[in-house]
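Let me see the structure of the following:
(one chain, ligands or ions: 1)
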Amino acid sequence: MLTCPVCGTSRIYGDGKWKICGQCGIEFRHPYEIPDYHATKPKIKSKHLKRARRQAEYLQEHGVDSVLDFGCGCGRLVDIIGGVGVELNDVLRGDNDSIHEGLGDVEGRFSCAVMSHVLEHIPDPVEALLRIRDYAPMLYVEVPHVDNSSAKCAPGHILAFDKFALTNVLEYGGWKVEEIWRTQKEICALCSMITR
Ligand SMILES: [Zn+2]
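Next up is the predicted model:
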């Protein structure tokens, strides 16, 4: 039986490539294929630098002085704020000593973890969110809004979110949303860790 990759319910609707969960609201591709991100030839776009600057400004205003940037691309946000990045793609990682191939190589704690345009690529987002709790007490997340045309079309996108769904995913992953807002194309959220 098909169940939701976030909340596990079997109340799933939709008969196309994309399904929607009747409980947590996430939309997910089924079946899905994950590209080999090690081998993908990355496109380095000027919009990514603009995005990193925008994120750095926001995070620094909120007292963030070091990040663990999970899925950091070529590490622009890390270069601006400080901290370390994790990136699967060899080309994007390049010879930047601040970027590691996996979380296993990361030591220490940071003032904020970052997952920018990452969650929509991950088959088990809850597991990833729970794991990132070991590294920082805050988390900044950005995903394409489900209404944006790229959300369901871009290669490798297997999850799509509105604010309700993103808030639910974050809570299942152990994070409480402190601020959540929508830009023209994205949803952004700043979270604190839920401690039980
Ligand atoms: Zn669900």
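
Report the next helix or strand after the helix-or-strand element of the chain with minimal mean pLDDT in sequence order.
Taking mean pLDDT, DSSP states H and E as the measure, the chain has helix 90-93 as its least confident helix or strand, at a mean of 91. Sequence-wise, the next helix or strand downstream of helix 90-93 (DSSP states H and E) is strand 99-100.

ok, that following strand: who's next to it in the sheet?
Strand 99-100 has the following strand partners under DSSP bridges: strand 83-86 (parallel).

With just CA atoms, put the strand it pairs with into CSV.
C-alpha atoms of strand 83-86 as CSV (Å, rounded to 0.1, in the frame of the first residue of the first chain):
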residue,chain,number,x,y,z
GLY,A,83,31.3,27.3,9.0
VAL,A,84,31.3,24.2,6.8
GLY,A,85,29.3,22.8,3.9
VAL,A,86,28.3,19.3,2.8
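
any idea of the mean pLDDT for that strand?
In this model, strand 83-86 has an average pLDDT of 98.

next one: stretch 144-164
96.

residues in contact with that stretch?
Here stretch 144-164 makes contact (CB atoms under 8 Å, 6 or more residues apart in numbering) with 5, 18, 25-29, 32, 34-35, 37, 117, 119-123, 125, 143, 165, 169, 180, 182, 185-187. Bear in mind the C-beta positions are built from the backbone N, C-alpha and C, glycine included.

Of those, just the buried ones, PyMOL syntax please.
Restricted to buried positions by 16 or more other CB atoms under 10 Å, the PyMOL selection for these reads:
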select buried, resi 5+18+25+26+27+28+29+117+119+120+121+122+125+143+165+169+180+186+187
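
Now narrow the contacts of stretch 144-164 to whatever sits close to the ion.
With CB under 5 Å from the ion as the criterion, the contacts of stretch 144-164 include none near the ion.

Mind checking which of the contacts of stretch 144-164 land in strands?
Among the contacts of stretch 144-164, the residues falling in strands (DSSP state E) are Trp18, Glu27, Phe28, Arg29, Val143, Ile180, Arg182, Glu186, Ile187.

Out of these, the closest to Leu68 would be?
Distance to Leu68 across the ones in strands among the contacts of stretch 144-164 (CB to CB) is lowest for Val143, with 17.8 Å.

In this structure Gly25 contacts Tyr172, no?
No: taking contacts as CB atoms under 8 Å, Gly25 lies outside contact range of Tyr172: 11.9 Å.
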